[in-house]
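# Can you look at this prediction? I've put the sequence above it.
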Amino acid sequence: MTENQSASQQNRVVIFDTTLRDGEQSPGCSMTPEEKLSVAKTLDEMGIDVIEGGFPISSTSDFEAVTQIAKHAKNAQICGLARARQSDIDRCWEAVKHARRPRIHTFLSTSPLHMKYKLQMEPDDVHQAVIDSVSYARDLTDNVEWSPEDGTRTEHDFLCRCVESAIKSGATTINIPDTVGYTVPEEFHDLIAMLRNRVPNIDKAILSVHCHNDLGLAVANSLAAVRAGARQVEVAVNGIGERAGNCAMEEVVMALKTRHDVMPYDCGVDTHYITRVSRQVAGITGFAVQPNKAIVGKNAFAHEAGIHQDGMLKNAQTYEIMTPESVGLTRSTLVMGRHSGKHAFKSKLQELGYELNDNELGDAFKRFKDLADHKKEVFDDDLIALIDDAVLRHNDHIKFVSLGIQCGTTGPQTADLELEIEGERKHTKTEGSGPVDATFAAIRELWPHEATLELYQVHAVTEGTDAQAEVTVRLAENDRTVNGQGADYDTLVASARAYINALNKLMVKREKTATSQEAAGPDVMSA
Ligand SMILES: CC(=O)SCCNC(=O)CCNC(=O)[C@H](O)C(C)(C)COP(=O)(O)OP(=O)(O)OC[C@H]1O[C@@H](n2cnc3c(N)ncnc32)[C@H](O)[C@@H]1OP(=O)(O)O
Ligand SMILES: CC(C)C(=O)C(=O)O
């Protein structure tokens, strides 16, 4: 009996996280291999069962990300996506094979619309390609997932035929995607029930769902599918993903935990990591979480109305269906400030879930002391922003040194900027239309580049006029898009740091992103 089958029989729901593949398909959301690896490490630690690290044939950067994730994962199965092409499957296997538990996820559209217009293939040829691609993948590994893309708009007879053949060809997971987020919960429930009733060998594979959120129904649809017998749910942190996004990991996991009475299914996720991974993904992608977002929004556990506050004081359960602690929002035991030393700093970071090496700790401590000199209270959110900004910066080609600004109504706005570029200090003083424009103009003068600014976003980490600013800068150059982040108590310094971070990432991408054309194979398998 396979691991998947035993999970299926025991009401255990496998959590398959696709933040790093479908999540990354959100426009402007691309992540470097290093960033993907750092998120994957958290997902692995928190008990996510399967991590889809990317689409290895799509770029050398994605190939490298999946390879690195596969090499580092301790517990999770590591998966890559592949079209129904030998070259895609080979490339995927090359990356995932390093994992202790690798998985190939291959897919092909089965809806009339997709077959006719997108694939331009006849149903019989699609059916044969399913058999060929799954059999080919199965020769490489015994852990093969197959997805009929646009499955929810596929004719039932044809869906059953393809699912049955995919299982006969060796698929161990059958994932039904609601690719365009069209389905409503009752329909999804009935679709899964229909497959279980009609496909004779359905129990040989675990049934999975992959829901998009175009109508805001991704979580409801996924839970309806679980109630009908699906035992894998595909999710993304903060619900990011193509268009309106994917089923939000934190929502499904907390719904299963909180309403175990009506949904008696278990998953292996340690929910205490939820806040941390949400912040990590938001920081890396620059996709801020809306304040009223379930589970991870800033207001998810805030009570403002007097009657609610009164109820909370008398008994928290009056207005709280789950505790903030259960998702990792802990009341601080260590208060950090200018008098805190390195030991307390290290313990605090451990409390927040960060393990830094000695160099990273040293750099972060210097930044913390500087911040504490300028800010009365250093909150947990300040530290998280600071750590996310300070680590992962060691190999940067361009480093921020200092910035002086002249702004206001009395004279030209100028930025006096010093950078260290490949070990050499460079300095300039540049004018601009406002201090941010002057700062970015100074960077462009010291490091000329063609990339265009697509997004400039400032977010106050905490309340108060001394709050740290967390800035996101998105730069685009040809097909490459990168998000840079910077945090500082000075908004302009944070802006400079974010722009420089984006430039550093762009350089890494320039080096690594050779398009996959030479690796991409010619045709759909049977065509
Ligand atoms: C529903 C989903 O989320 S599926 C995943 C979507 N994710 C992405 O597309 C992100 C990564 N994609 C990419 O980088 C590129 O699209 C690549 C590298 C995969 C392919 O790039 P290109 O070779 O330039 O092809 P392009 O993207 O223009 O078109 C896709 C081709 O794949 C074919 N195709 C689409 N899905 C499949 C599939 N499951 N199996 C086989 N072929 C497929 C299309 O019919 C089209 O073929 P054609 O070129 O013969 O018309
Ligand atoms: C590849 C499949 C699972 C997908 O992402 C979709 O259909 O949305």
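Received, thanks. Note that this is a predicted model, so its numbers are computed, not measured. Residues are numbered from 1 along each chain as shown. Ligands and ions are numbered 1, 2, ... in the order given.
# and the one residue in the stretch 251-400 of the chain that gets nearest to ligand 2, what element?
Taking Cβ to the nearest ligand atom, ligand 2 has its nearest neighbour within the stretch 251-400 of the chain at residue 252, 16.1 Å off. All C-beta spots, glycine's among them, are computed from the backbone N, C-alpha and C. Secondary structure from DSSP states H and E places residue 252 in helix 249-258.
# Next, report how far that helix is displaced from the centre of its chain.
17 Å (Cα atoms, centre = their mean, to the nearest Å).
# Can you give me the distance of residue 200 to residue 282?
Going from residue 200 to residue 282 by Cβ to Cβ, to the nearest Å gives 45 Å.
# neighbour-wise, which of these two wins?
Taking other Cβ atoms under 10 Å, residue 200 and residue 282 do not tie; residue 282 has more neighbours (21 against 10).
# that's a helix at the more buried one, yeah?
Yes - Residue 282 forms part of a helix when assessed by DSSP: H, G, I helix; E, B strand; the rest coil.
# State the helix or strand in which the most far-flung residue of the chain relative to its centre lies.
Using Cα atoms, centre = their mean, the residue of the chain lying farthest from its centre is residue 410. It sits 45.0 Å away. Assigning secondary structure by DSSP H and E places residue 410 outside every helix and strand.
# And the strands in the chain?
14-17, 50-54, 77-83, 102-109, 144-149, 173-178, 206-211, 232-235, 398-406, 413-421, 424-432, 452-460, 469-477, 480-488 (DSSP state E).
# by how many degrees do the third one and strand 173-178 diverge?
Orientation note: strand 77-83 sits at an angle of 60 degrees relative to strand 173-178 (axes from the mean of the first three to the mean of the last three Cα atoms, to 10 degrees).
# Please apply the same query to the last one.
Here strand 480-488 runs at 90 degrees with respect to strand 173-178, directions being taken by the same axes, to 10 degrees.
# just the fifth one next, same as before
When the same axes, to 10 degrees is applied, the directions of strand 144-149 and strand 173-178 differ by 20 degrees.
# wait, what's in contact with the closest residue in space to residue 183 that isn't next to it in sequence?
Closest residue to residue 183 apart from its sequence neighbours, by Cβ to Cβ, 6 or more residues apart in numbering: residue 152 at 4.5 Å. Applying Cβ atoms under 8 Å, 6 or more residues apart in numbering to residue 152 gives the contacts 176-179, 182-183, 187-188, 191.
# Outline the domain layout of the chain.
According to automatic domain parsing, the chain comprises the domains 3-285, 342-390, 398-512.
# For ligand 1, find the nearest of those.
The nearest among the domains of the chain, by Cβ to the nearest ligand atom, is domain 3-285 at 3.2 Å.
# Now that closest one: average pLDDT?
For domain 3-285, the mean per-residue pLDDT is 95.
# residue boundaries of the helices in the stretch 251-400 of the chain?
Assignment of helices within the stretch 251-400 of the chain using DSSP state H, counting those that start in this stretch yields the ranges 274-285, 306-314, 342-351, 358-374, 380-390.
# is it possible to export those to TSV including distance to residue 40?
Converted to TSV, those look like this (distance: least, Cβ to Cβ, whole Å):
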stretch	distance to residue 40
helix 274-285	10
helix 306-314	37
helix 342-351	20
helix 358-374	18
helix 380-390	16
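# Make a markdown table from those and add distance to ligand 1 to it.
Output for those, formatted as a markdown table (distance: least, Cβ to the nearest ligand atom, whole Å):
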| stretch | distance to ligand 1 |
| --- | --- |
| helix 274-285 | 16 |
| helix 306-314 | 41 |
| helix 342-351 | 35 |
| helix 358-374 | 32 |
| helix 380-390 | 26 |
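# Going by mean pLDDT, which of those helices comes out lowest?
Minimum mean pLDDT among those: helix 306-314, a mean of 72.
# hmm, back to that, tell me, which of the contacts of residue 152 make contact with ligand 2?
177, 179 (Cβ under 6 Å from any ligand atom).
# Quick check: the residue of the stretch 251-400 of the chain closest to ligand 2 vs residue 258, distance?
Using Cβ to Cβ, residue 252 is found at 11 Å from residue 258.
# neighbours of residue 216, just the number please.
Neighbour count for residue 216, taken as other Cβ under 10 Å: 11.
# hmm, back to that, would you confirm that the residue of the stretch 251-400 of the chain closest to ligand 2 contacts residue 223?
Yes - counting by Cβ atoms under 8 Å, residue 252 does reach residue 223; the two are 6.9 Å apart.
# hmm, back to that, looking at the domains of the chain, which is buried most?
Mean neighbour count (mean count of other Cβ atoms under 10 Å) peaks for domain 3-285 among the domains of the chain, with a mean of 22.
# Would you mind naming what in this protein lies close to ligand 2?
The chain comes close to ligand 2 at residues 22, 107, 147, 149, 175, 177, 179, 210, 212, as judged by Cβ under 6 Å from any ligand atom.
# so which of these also contact ligand 1?
Within the residues of the chain next to ligand 2, those near ligand 1 by Cβ under 6 Å from any ligand atom are 22, 107, 149, 179.
# the longest helix in the chain is where?
Using DSSP state H, we find that the single longest helix of the chain is helix 491-512.
# quick check: angle from that helix to strand 398-406?
Using the same axes, to 10 degrees: helix 491-512 against strand 398-406 is 150 degrees.
# Are helix 491-512 and ligand 1 in contact anywhere?
No - against ligand 1, helix 491-512 shows no contacts by Cβ under 6 Å from any ligand atom, the least distance being 13.8 Å.
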